[in-house]
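Visitor: Provide a 3D model corresponding to the input given below.
(2 chains)
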Amino acid sequence: MSSSAENPTLTTEITKPSTEIATETAQSAKKINLKTSDDQIFEVEESVAMEFATVKSFFEDAPSSTDTVPLPNVPAKPFSQVIEFCKEQIKFKANPDETEKKKSNSEFVKEKTNEDLVEMIPVANYLEIKDLLDVLNQAVADRIQNRSVEYVRSFFGIDNDFTSEEEALLREEHAWAFEDVDED
Amino acid sequence: MPLKKVSLGSRVQEIVEEEEEEGEKEEPSLLDLPELALECILERLSPAGLCSMAGVCSSLRDRCRSDHLWERHLTQKWGRVIGESAHKEWQWHIPSNDSIMALYLSLESGKFSFPAQVYNRENGHVGFMLSCYDAQLSYDSKTDTFQARYPPFARQTIEQSIHWERLRAPPVDTPANVLHTTDCLNDLKPGDHIEIQWRRSKEFPYGWWYAVVGHQEFCDGNENRCRCQHNDAVVLEFSQYTPGSRWRQTMISRKDHREAGNEADGFYGGIRKLYKAEEISKWKQLWPNQIFD
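Guide: Residues are numbered from 1 along each chain as shown, chains lettered A, B, ... in the order given. From the prediction side, this is the model:
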């Protein structure tokens, strides 16, 4: 992909700054075009796009590039949720508040379905967004914790490939672990 | 310029491509997650969570049994009470299954009773205040307490409902019926905290008793004049007993102490000097409310 002679597109749209953030960075935010695996183009503010380590290193390797960056492993649906997360994260960069950040992270995952979470993980992994990956992994672990085997199978699309003998043996071996399982 | 290659499991990449070809994608599966992410999720599960995941399918069963996932849980819950001797006994018991998960589950279910030491044996029994005895322990997860079986001599003794804080992994690997070799005799000076083996009679096993090195009778304890460290006789004080009690004090020879005593006062065996602050503070926590005769 070679860099074309096009000028970087400047837009006048300003991100709504939270009250305490200095506004100078938001004067005229540069936008970057990112193309998902299902051919949708997302126009993302540079500050948000730089949260994606993969995209950031792309621009470090080719600083003058203004092309649309293809993200061959990233489908649009989870990507839009990932963007939503990163926009929130940026606020905390300018104004660190661990308690608020935790609260915002847990709200973010709370309203996501299991499917959303599992779809976002490969995206966060591919784009190397460490914070998001941590949040997602923890969220999935929390949802599996204290759940029955059947719940995990149905919600995460896993087929039971055990023979009935194997299954009986496992139940016996791990009997104590199933005492405190939550209702499905 | 191509995007930097990132650590994405090749298996996942294939799956993504397959899905693209099919056009329609299936329900996302936990098993299709990148290796590292799935590993991270499993690392965050509790022991019960891992067991339940192991029952989902064979590929998760194999992953959930891996030692490195259980190592942390074993250390976190059992590290303080499971020592070398318990590990040895486990290997001897179950030579075919030496996975950490199996050890964890056997401990948790109480199926594996392990060697450890119990402070203040027979809780509240005056005769065992500030001592630590070897026993076989088995855990009851419902009450979160232990049952101790003390080695039989005159009678078999079983104690129930022992809490975690009264247990420790044996700090040395000297068995309860063997005289411990003392390596700190020349080092003992007034104020040192020690544990000494003691047994009622030669048929009984040793317990470890807490004591503090004291001053000779003629020494006033003044730092500049005290020569106690250079005296052959070492005074050991058991301050849980009243002054004048025959259990309050004993003297051992610095030069040739091995086992000293008689049938009336019991036998004082090997000594270990306590260097770690937490070992000393543990004994202080166990200090009785009153002193004994």
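
Visitor: List the contacts of stretch B:117-127.
Guide: Here stretch B:117-127 makes contact (Cβ atoms under 8 Å, 6 or more residues apart in numbering or on different chains) with B:128-135, B:137, B:148, B:150, B:157, B:159, B:162, B:166-170, B:207-208, B:282, B:286, B:292. C-beta coordinates here come from the backbone N, C-alpha and C atoms, glycine included.

Visitor: all strands for chain B, in order.
Guide: Ranges of strands within chain B are B:114-119, B:131-140, B:145-150, B:157-162, B:167-168, B:193-199, B:207-214, B:233-237, B:249-253, B:260-262, B:266-273, based on DSSP state E.

Visitor: Let's have those in JSON lines, adding mean neighbour count.
Guide: Below are the strands of chain B laid out as JSON lines (neighbours: other Cβ atoms under 10 Å in any protein chain shown):
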{"stretch": "strand B:114-119", "mean neighbour count": "23"}
{"stretch": "strand B:131-140", "mean neighbour count": "22"}
{"stretch": "strand B:145-150", "mean neighbour count": "19"}
{"stretch": "strand B:157-162", "mean neighbour count": "15"}
{"stretch": "strand B:167-168", "mean neighbour count": "19"}
{"stretch": "strand B:193-199", "mean neighbour count": "21"}
{"stretch": "strand B:207-214", "mean neighbour count": "22"}
{"stretch": "strand B:233-237", "mean neighbour count": "18"}
{"stretch": "strand B:249-253", "mean neighbour count": "18"}
{"stretch": "strand B:260-262", "mean neighbour count": "13"}
{"stretch": "strand B:266-273", "mean neighbour count": "21"}
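
Visitor: which residues are in contact with stretch B:269-284?
Guide: Stretch B:269-284 has contacts (Cβ under 8 Å, 6+ apart) with B:119, B:130, B:168, B:171-172, B:174, B:179-182, B:184-185, B:187-188, B:192-199, B:206, B:208, B:210, B:252, B:257-259.

Visitor: mind redoing it with 6 Å?
Guide: By Cβ atoms under 6 Å, 6 or more residues apart in numbering or on different chains, the residues outside stretch B:269-284 that reach it are B:179-180, B:182, B:184, B:192-197, B:206, B:210, B:259.

Visitor: What of stretch B:176-190?
Guide: For stretch B:176-190, contacts defined as Cβ under 6 Å, 6+ apart pick out B:134, B:174, B:197, B:205-206, B:213, B:215, B:228-229, B:234, B:254, B:259, B:269-271, B:273.

Visitor: What residues sit buried inside that stretch?
Guide: Buried residues in stretch B:176-190, defined by neighbour count with 16 or more other Cβ atoms under 10 Å in any protein chain shown: B:176, B:180, B:182, B:185, B:188, B:190.

Visitor: quick one: average pLDDT of that stretch?
Guide: Taken as a whole, stretch B:176-190 has an average pLDDT of 95.

Visitor: what's the answer for stretch B:267-286, then?
Guide: The average pLDDT for stretch B:267-286 rounds to 96.

Visitor: Report the next helix or strand after the top helix by length along chain A in sequence order.
Guide: For chain A, the helix with the greatest residue count under DSSP state H is helix A:76-94. Proceeding N to C from helix A:76-94, the next assigned helix or strand is helix A:98-110, under DSSP states H and E.

Visitor: Excluding residues flanking it in the chain, which one is nearest A:Phe79?
Guide: Distance criterion Cβ to Cβ, 6 or more residues apart in numbering or on different chains; nearest residue to A:Phe79, sequence neighbours excluded, is A:Thr36 at 5.4 Å.

Visitor: From A:Gln89, how far out is that neighbour?
Guide: A:Thr36 sits 20 Å away from A:Gln89, taking Cβ to Cβ, to the nearest Å as the criterion.

Visitor: just B:Gln240 next, same as before
Guide: 58 Å.

Visitor: ditto for B:Gln249
Guide: Counting by Cβ to Cβ, the gap from B:Gln249 to A:Gln89 is 67 Å.

Visitor: Could I get the contacting residues of the residue nearest in space to the middle of chain A?
Guide: In chain A, the C-alpha nearest the mean C-alpha coordinate belongs to A:Val82, at 3.8 Å (Cα atoms, centre = their mean). A:Val82 makes contact with A:120, A:123, according to Cβ under 6 Å, 6+ apart.

Visitor: Just the element for A:Val44, please.
Guide: Assigned by DSSP H and E, A:Val44 belongs to strand A:41-45.

Visitor: What residues sit buried inside the helix or strand following that strand?
Guide: Sequence-wise, the next helix or strand downstream of strand A:41-45 (DSSP H and E) is helix A:46-49. The neighbour-count check on helix A:46-49 (16+ other Cβ under 10 Å) flags A:47-49 as buried.

Visitor: quick one on the thing from earlier: so which of the contacts of stretch B:176-190 comes closest to A:Asp161?
Guide: Using Cβ to Cβ, B:Asp134 comes nearest to A:Asp161 of these, at 46.5 Å.

Visitor: Excluding chain neighbours, what is closest to the closest one?
Guide: With Cβ to Cβ, 6+ apart as the criterion, B:Asp134 has its nearest non-adjacent residue at 3.9 Å, and that residue is B:Ala176.

Visitor: Can you pull the residues of chain A lying near chain B?
Guide: Taking Cβ under 6 Å from any Cβ of the partner chain as the contact definition, chain A meets chain B at A:1, A:54, A:57-58, A:61-62, A:73, A:115, A:118-119, A:121-122, A:125-126, A:128, A:137-138, A:140-141, A:145, A:149, A:152-153, A:156-158, A:161, A:170, A:174, A:176-177.

Visitor: Kind regards, and thank you for your time.
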